[in-house]
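J.: Make a model of this:
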Amino acid sequence: MPLHGGDIYRFISGGIGLDFSVNTNPLGIPQTVLEALKTQAADFARYPDPYCRTLRAALAVYEGIREEAILCGAGASDLIYRLCLSCRPHRVLICAPTFSDYGLASQCAGAEVVVYRLAEQHTFRLSDDFLEKITQDLDRIDMVFLCNPNNPTGALIDPSLLGEIVRQCETSGILLVVDECFLPFTPRASLAASSMPKNLAVLKAFTKTFSLAGLRFGYLISSNPELLAKVAQAGPCWNVSAPAQIAALAALDCRQHLQEANELIAKERFFLAQGLRSFGFTVFDSDANFLLFKVDPAIALYEALVEKGMLIRSCENFHGLDRRYYRIGVKKHEDNETLLAAIQEVVHTVKEVT
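T.: Below is the predicted model:
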């Protein structure tokens, strides 16, 4: 089973027509970005700016923060590994289920990973007792990763609880890393601000919001210059390619594209959830552009859909989940209808056999 979604390359026959295993913008790459890549292709012959000067200046305006508070990287995953390798934490607190790279990067840096299990009976949403987990291990935990909204559950963290976590980590001297890669698909405001505490780092990327997964661009925001300098030194120069810098810069003018996508996602997420529930599946409420659902008793839904040319994300390799759980990205209505029709066929076939 692939570690992440989007691994269509393993199907060498090329038989996958719809990939619901990825959770990127259903409207795809903005046309403005495609035009910028096309017209500036000659720039690819030069080395990219290792400091992303023009892009960082534009991002500072976009985010309403200082340019010095931004470090660019080759996607959020690149920066997650750089954070762990540069900070060398001893014990890292993560949730489960969540994005696997937090734990993998921590282990790569030699850290012990402490897992907080999100409860299914609470729809996998973070609870107040997470604060107790931080307090209990006060003298040992030195880094915390949170994903808001969480992947693969799509659940946002309650703002008051998140505020308490920020304050607790600041008081305790714990580096809090909040991954906001999916936050632009929600109405929630970012934690990134000019007055951020120095122990808070915010991760963002254009992988999801502007469908730039193949170009790899993300950025880290922190008011701690020493932290950013350490993270920058924990990887090679020129790690953000010229095409990625050009595309990201152009994407900053595509707010309307994102707004249109969010309007589509709100309607289609509801449509998909209704359809999945009509099959008897458990669908967990999501604030993001994807849905987590549970098929109980388990059926070979992943394999059956592959046979029909569709890929969904099996969640059995997420800590705390098993082969009954799946995640699907929200796509355009026609594609979503196609998926639900295919699932209905699978369910009907299973019922006939049993």
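
J.: drop to CA atoms for contacts and neighbour counts, all remaining ones
T.: Noted.

J.: part of a strand, is L292?
T.: Yes. Assessed by DSSP: H, G, I helix; E, B strand; the rest coil, L292 belongs to a strand.

J.: so how far is F124 from it?
T.: To F124, L292 is 10 Å away according to CA to CA, to the nearest Å.

J.: cool, and I174?
T.: As for I174, its distance to F124 is 24 Å (criterion: CA to CA).

J.: what's the answer for I80, then?
T.: 23 Å.

J.: same check, this time on R91
T.: From R91 to F124 the distance is 23 Å (CA to CA).

J.: same thing with K208?
T.: 22 Å.

J.: on that earlier part again, any common contacting residues for L292 and F124?
T.: T153 (CA atoms under 8 Å, 6 or more residues apart in numbering).

J.: Can you give me the neighbour number for S172?
T.: For S172, the neighbour count with other CA atoms under 10 Å is 16.

J.: To clarify, my last question referred to P243.
T.: Counted with other CA under 10 Å, P243 comes out at 20.

J.: Could you do the one 10 residues further on as well?
T.: Residues near D253, counting by other CA under 10 Å, number 14.

J.: same thing with A109?
T.: 19.

J.: For it, which non-adjacent residue is closest in space?
T.: Counting by CA to CA, 6 or more residues apart in numbering, the nearest residue to A109 once its immediate chain neighbours are dropped is L85, at 5.1 Å.

J.: confidence score at that neighbour?
T.: Note for L85: predicted pLDDT of 97.

J.: Then the one 10 residues further on?
T.: Per-residue pLDDT puts C95 at 97.

J.: Quick check: nearest residue in space to it, chain neighbours excluded?
T.: Y116 (4.6 Å).

J.: residues in contact with that neighbour?
T.: If you count contacts by CA under 8 Å, 6+ apart, then Y116 has L93, I94, C95, A96, F130, K133 around it.

J.: On the three-state scheme, it is what?
T.: strand.

J.: Point out where this structure drops to low pLDDT.
T.: By pLDDT under 70, the weakly predicted segments of the chain are 1-6, 12-14, 137-139, 353-354.

J.: so where's the longest helix in it?
T.: helix 255-278 (DSSP state H).

J.: which other helices and strands contact it?
T.: Where contact means 3 or more CA pairs under 8 Å, 6 or more residues apart in numbering; DSSP states H and E, helix 255-278 is packed against strand 282-284, strand 290-294, helix 333-353.

J.: separation between D253 and L200?
T.: Applying CA to CA to D253 and L200 gives a distance of 27 Å.

J.: sorry, back to before: the residue nearest to A109: what's it in contact with?
T.: A105, S106, C108, A109, V231, A234.

J.: Which phi and psi values does it adopt?
T.: Dihedral pair for L85: phi -70, psi -30, per degrees, to the nearest 10.

J.: Relative to V347, how far out is it?
T.: Distance of L85 to V347, computed by CA to CA: 46 Å.

J.: quick revisit: of all the helices and strands packed on helix 255-278, which one is nearest D158?
T.: strand 282-284 (16.2 Å; CA to CA).

J.: Remind me what that closest one packs against, helices and strands.
T.: helix 255-278, strand 290-294.

J.: So which bits of stretch 206-217 are buried?
T.: Under the neighbour-count criterion of 16 or more other CA atoms under 10 Å, stretch 206-217 has F206, T207, K208, T209, F210, S211, L212, A213, L215, R216, F217 buried.
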